[in-house]
Every structure is written in structure tokens, then in C-alpha cells.
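> after the sequence you'll find the predicted model.
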Amino acid sequence: MSRADEILGQLARPDRTRLSGHTAKGFDLLAERIAGYPVTPVVCYELRVAGRNRLIRFKLEGESPWRSIKGRTAIGLLASVLGRTTDRSALIESTSGNLGVALAALAGDLDLPFTAVVDDRLPSAMERRMRLAGADLQPADPGPDGTDGLSSRLRTVARLLAADPDALWPDQYGNLVNPLVHRVWTGPELLAQAPLAEALFIGASTGGTLAGISRAARAARPELKIVGVDVEGSRALGGPHGGRLLSGIGSSRVSGLCDQSTCDAVEVVSSRSGIVHCRAWQRATSLSLGGSGGAVLAAALRHLAAHPELTSVLCLCPDLGENYTDTIYDDAWVQAQGIAPDEPGMMEEPPHECKESDITPEFQRTPAAPRRGEP
């Protein structure tokens, strides 16, 4: 059995003898997409934090077919509903952007109509990609207070489902395939790429990525520290509700897929800090992180400053800066948010990229032996 078939078999176990020819071809297509999915790269930088040399690795999920980690999530969600599709089926999902881009592309490949329910925080680059892939974009119905965030998107999904009995909702917020795809696929891949990492920093939104990778890490390397990252104003990990500038990280409701027990530590950073560190890192290295990546970087730098025992960490970066050229990387937009375009962030001096073969002996630690206990 191929690795792709093994992954798909853990996400969905359809009885192929009872599937229509169209649905069977759909599962074959998903297996092909998994087989053709690249191992996303990890890049490494050395920099000083709190007077000590540290290594920060970034796993760049934007270097993938649909330019974000949500490509993996989309494959898992489609696998979970594909067995229920008919000739009349259509797909409906709420999205802040990246998942909609991946679902639009995959639904188009499957000849499955797709409606993306979006709100006014949708980045224009993601809107264009969804439309080019043939998605129907449905603006969220305004809420009682005139807002159109997640709650309004979910109310709109419910209205559309009630109007079309053949419509299918993968439900990225509650579908257990969301964390499962990252436990069986993303997590093992990441762990193989960073055997010397002492801590992982992962942002929270639906919580599926954080929960899945955490479970994979605790089963394989229980000594590895898992740090969940959220932004101020987000309720994803239980914080108080408030305003947020960043999209792609955080949520207006508590995650139904993970909580603070999923992590060994939680870092909550401001949207401002995430934006500042996106821009500061780009100036120093030419690497443009997405908004969630900037928040994860800010959290890692703060955590490293408070924990001198940590020397080598990995940040999961769900997408890249190409989605935010008219927000985070636009000087006028940044200034309108009251942020100086050249604000330096927490870096003491410019980082420099390094190859694994160039890492100095102080970082060449032997990974600690796993502790016994429940994952």
C-alpha cells in the first residue's frame, strides 16, 4: 500500500464495492493529490535572543499546491463527505480564506459545486483565487449588531443548508477529520524534518492543526514542548473576545477541537506584534511570512527570551506573505493601523539563514529519550 493510500485510508474507509463510479473516481483523485503533495520545506535561521544564540526553523506550508496548510485540511474534509455525494450534491463551507482556496480547487476537480461563505476580512488575493477556481462566494448575513464574522458566517451556512437538502457541509470547526489529517500526515512529516527541535510553536484557529500535530508529537516525542499560539481578542484557546486585525489565526469562539490541555504552554500575542514581526523578518531575511506566521514568530521570540534553556525551536507557518500584500505588507495600510512601517520587533540583530550542515556544535544536541506515559 502506498503512503497516499495509507493516509487516505485513515481519513475515510469507504466500501468501494458500494460506491458509484463517480465517487470512486473522487477517492482516486484525492489519493493522487496526496501522492503529489510535496514535503513542504523547513528553513533554518540563527539569531540572538536574550543574549544567547538560538535556532528558529520555519516549516513553510505556503510552499504547497494551494499555498497553505489548509490544502491538507481540505483533502481530509472532502474525504470525510465524499461517500455521501450524489449527482445533486453541492459543497458549502465557511472560510476566512485559505481553506476556501483549497476547497474551491479540489471541488472543481471533482465537478462539485462549491459555495464559500466569507466575511469582509477576506484578503483580496484569496477572493481572486476562489473565484478563478469557480467557487460561488456568498457574503455572510450581517448579525444583529451589523457584524459579519464567524458567527454570521455559520448562520449563513445554516440558512443555505436548510434551503438545499442535497448540500453538504464538511464543518471544519467540528469535524474530527480536521485534527486527524494533521496527526497522520502533517505531524509525522514535521517531526522527521526537525529531530533536534526542543519546542514547536503552532497557531490556533479552528484548533485542528494544533490538536493533530500535538497528538502526533506526544505519541512519538513526548519530551517535545508544544506551544499553542493565539492572538489578543481571540477566543480560540479560551481568551476574552475582542477585536483582531490578523486573519488566519484566532477565532471569535472557543475551539471545539482543542483546548489549553492540548499544549504544554500558550502564548498570546497582539495583532500588532504579529504584523510588526512579519515586516521585520522580511526586511532582515527577504522571507515574507503570512499573518499567522508572524504571530507565531513573535510568540517564539518572546518564549525564547523567557526560557534560556531552549536553543532550537520550530515555527509552523501556515501560509506566506503573498496573501497579504495589500494589508500587512502595505505601508499605507500599516500606518492606518497606527503601526510604524519600520518598527523593529524583538530581534536584537539580524538573523542569518543557515544550512543544517553548518549548525555549530552548541546546537548539536542528542534528542532526549521519550518519557513513558500517555501521549
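Everything's here; your move. None of the values given here were measured: they were computed from a predicted structure. Numbers count the residues shown, from 1 in each chain.

> which residues outside the helix or strand of the chain with the lowest mean pLDDT are in contact with it?
Every helix and strand in the chain was compared by mean pLDDT, DSSP states H and E; the lowest is helix 21-36, with a mean of 92. Contacts with helix 21-36, where a contact means Cβ atoms under 8 Å, 6 or more residues apart in numbering, come from 2-5, 7-8, 12, 14, 16, 19, 65, 75, 78-79, 82-83, 85, 87, 106, 109-110, 185. The C-beta positions use only the backbone N, C-alpha and C, and glycine is treated the same way.

> and those, which are buried?
Using 16 or more other Cβ atoms under 10 Å as the burial test, the contacts of helix 21-36 include 4, 7-8, 12, 14, 19, 75, 78-79, 82-83, 85, 106, 110, 185 as buried.

> how near is the residue sitting nearest the centre point of the chain to residue 206?
Nearest residue to the geometric centre of the chain (Cα atoms, centre = their mean): residue 318, 4.1 Å. For residue 318, the distance to residue 206 equals 11 Å [Cβ to Cβ, to the nearest Å].

> got any ranges where the chain has weak pLDDT?
Scanning the chain for pLDDT under 70 picks out the ranges 15-17, 145-148, 360-375.

> before we move on, back to that, contact partners for the closest residue to the residue nearest to the centre of the chain other than its chain neighbours?
In space, and not counting its chain neighbours, residue 318 is closest to residue 69: 4.3 Å by Cβ to Cβ, 6 or more residues apart in numbering. By Cβ under 8 Å, 6+ apart, the contact set of residue 69 is 61, 98, 186, 209, 316, 318-319.

> one more pass at 7 Å, please.
Residues in contact with residue 69 (Cβ atoms under 7 Å, 6 or more residues apart in numbering) are 61, 186, 209, 318.

> with residue 233 instead?
241-244, 250.

> once you drop chain neighbours, what's closest to it?
Per Cβ to Cβ, 6+ apart, closest to residue 233 is residue 242, 3.3 Å.

> could you measure from that neighbour over to residue 232?
6 Å.

> which residue of those two possesses the greater neighbour count?
More neighbours surround residue 232 than the other of residue 242 and residue 232, with 20 against 13 (other Cβ atoms under 10 Å).

> enumerate every residue touching that one.
If you count contacts by Cβ under 7 Å, 6+ apart, residue 232 has them with 242, 268, 270-271.

> can you tell me which of the residues you listed end up in strands?
Those of the contacts of residue 232 mapping onto strands are residue 268, per DSSP state E.

> and which of the contacts of residue 232 is nearest to residue 137?
residue 271 (24.5 Å; Cβ to Cβ).

> can you pick out the most distant pair from the contacts of residue 69?
Taking Cβ to Cβ, no two of the contacts of residue 69 sit farther apart than 186 and 318, at 10.4 Å.

> quick one: the strands in the stretch 101-250 of the chain?
114-118, 136-139, 167-168, 199-203, 225-231 (DSSP state E, counting those that start in this stretch).

> quick one: the ones you listed as TSV, columns for distance to residue 260 too.
Shown next, in TSV, are the strands of the stretch 101-250 of the chain (distance: least, Cβ to Cβ, whole Å):
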stretch	distance to residue 260
strand 114-118	29
strand 136-139	33
strand 167-168	32
strand 199-203	13
strand 225-231	7
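
> quote the end-to-end distance of stretch 238-248.
With Cα to Cα, to the nearest Å as the measure, the first residue of stretch 238-248 is 17 Å from its last.

> need the residues that contact that stretch.
Identification of contacts with stretch 238-248 by Cβ under 7 Å, 6+ apart yields 96-98, 121, 123, 205, 230-235, 250, 252, 254, 259-260, 268, 271, 274-275, 290-292, 295, 318-319, 337.

> now the buried members of these.
96-98, 121, 123, 205, 230-235, 250, 252, 259, 268, 271, 274-275, 290-292, 295, 318-319.

> off-centre distance for stretch 78-90?
24 Å (Cα atoms, centre = their mean, to the nearest Å).

> ok, now which ones touch residue 102?
Residues near residue 102 by Cβ under 7 Å, 6+ apart: 66, 68, 70-71, 74.

> from these, which single one is nearest residue 128?
For the contacts of residue 102, the nearest to residue 128 is residue 66 (13.4 Å; Cβ to Cβ).
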